[in-house]
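Asks: build me a model:
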Amino acid sequence: MKQFKILGLLFLSCLGWACNKDNSTNPDCIGSFTDPRDGKVYTTAIIGLQCWMTENMRFEMTGDLINPMNPTNQYGRLYTYNQALNVCPDGWHLPSDEEWIALERFLGMSKTEADFVGSNRGNNEAALLKSTSRWSDLNGTNDFGFNAFPAGSNNNGNFQNLGDNARFWSHTSSGANTAYSRVFFHNTQQIARYRDNVNFAYSCRCLKN
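Replies: Numbering: from 1, shown residues only. Purely as a prediction, here's the structure:
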């Protein structure tokens, strides 16, 4: 049964855009990456056929925000959508909405659920990506080393939901003043997909080109 489950996950991983990129033998995605702009080191991991940074971006940009209550530097900085579009180093990029969907499909989310905009998506996909500690409730199992920490967000200058939520920008605009995001909550193991105000400040993860 376990073998069938693994084969099923591998099949699902090829249903998204990421199937066009095979990073499984990419030496740059094993262990860590050093950002040449500031020397900061980020851990990396292959999840499905995608190569992810497994820490939130900490690159300092004009106007970005850092919550003074962050318990660890892995919570990173918070960026508006326009800042997020330029935060990743050369060779990496802010993942598109489609690339987030490819990740969610690999984790087992159905196509119908992955395409839905809202909070009732999937089953326990968030648990597979959330860190094993620091959540106010419902820590994750972090099966793939993604280590989603509850860094919260900033809305109009107000820091919110530290310990409760993790919010990540995608590269994909969803309107004149909105863009697609992904949100992990402390009280569910589902992953929300929203169209959020581009002026909100969220965490960012980078995906290898």
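Asks: return the helix or strand in this protein with minimum mean pLDDT.
Replies: helix 2-13 (a mean of 45; mean pLDDT, DSSP states H and E).
Asks: so after that helix, what's the next helix or strand?
Replies: Per DSSP states H and E, the first helix or strand lying C-terminal to helix 2-13 is strand 31-34.
Asks: following that following strand, which helix or strand shows up next?
Replies: Next along from strand 31-34, by DSSP H and E: strand 41-47.
Asks: tell me which helix or strand comes right after that following strand.
Replies: Beyond strand 41-47 toward the C-terminal end (DSSP H and E), the next one is strand 50-53.
Asks: now that following strand - C-alpha only, PDB.
Replies: Extracted as PDB, the C-alpha positions of strand 50-53 are listed here (Å, rounded to 0.1, in the frame of the first residue of the first chain):
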ATOM      1  CA  GLN A  50      10.800  21.500  -7.800                       C
ATOM      2  CA  CYS A  51      13.800  23.000  -6.000                       C
ATOM      3  CA  TRP A  52      12.700  25.200  -3.100                       C
ATOM      4  CA  MET A  53      14.500  27.400  -0.600                       C
END
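Asks: buried residues, that strand. List them.
Replies: Residues 50-53 are the ones in strand 50-53 that count as buried (16 or more other C-beta atoms under 10 Å). (C-beta placed from N, C-alpha, C; glycine too.)
Asks: quick one: contacts of stretch 81-95?
Replies: Applying C-beta atoms under 8 Å, 6 or more residues apart in numbering, the external contacts of stretch 81-95 come out as 28, 33, 35-37, 53, 57, 59, 61, 63-64, 79, 103, 169-171, 179, 196, 198-202, 204-209.
Asks: selection in PyMOL covering whichever of these are buried, please.
Replies: PyMOL command restricting those to the buried ones, with burial defined by 16+ other C-beta under 10 Å:
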select buried, resi 33+35+53+57+59+64+79+103+169+170+171+179+196+198+200+201+202+204+205+206+207+208
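Asks: which of the contacts of stretch 81-95 fall within helices?
Replies: Leu103 (DSSP state H).
Asks: let me see the contact set for Thr132.
Replies: Applying C-beta under 8 Å, 6+ apart to Thr132 gives the contacts 139-142.
Asks: narrow these to those that are buried.
Replies: Applying 16+ other C-beta under 10 Å to the contacts of Thr132, the neighbour count classes 139-140, 142 as buried.
Asks: and of those, the nearest to Leu162?
Replies: In terms of C-beta to C-beta, no member of these lies closer to Leu162 than Asn139, at 15.2 Å.
Asks: buried stuff in stretch 179-196?
Replies: Buried, per 16+ other C-beta under 10 Å, within stretch 179-196: 179-186, 188-196.
Asks: next: stretch 161-171.
Replies: 161-163, 165-171.
Asks: on that earlier part again, quick one: which of the buried residues of strand 50-53 is nearest Tyr42?
Replies: Checking those against Tyr42 with C-beta to C-beta, the nearest one is Met53 at 4.6 Å.
Asks: so that closest one makes contact with Thr34?
Replies: No - the criterion here is C-beta atoms under 8 Å, and Met53 misses it with Thr34 at 11.4 Å.
Asks: what is in contact with these two at once?
Replies: Common neighbours of Met53 and Thr34, counting by C-beta under 8 Å, 6+ apart, are Tyr42.
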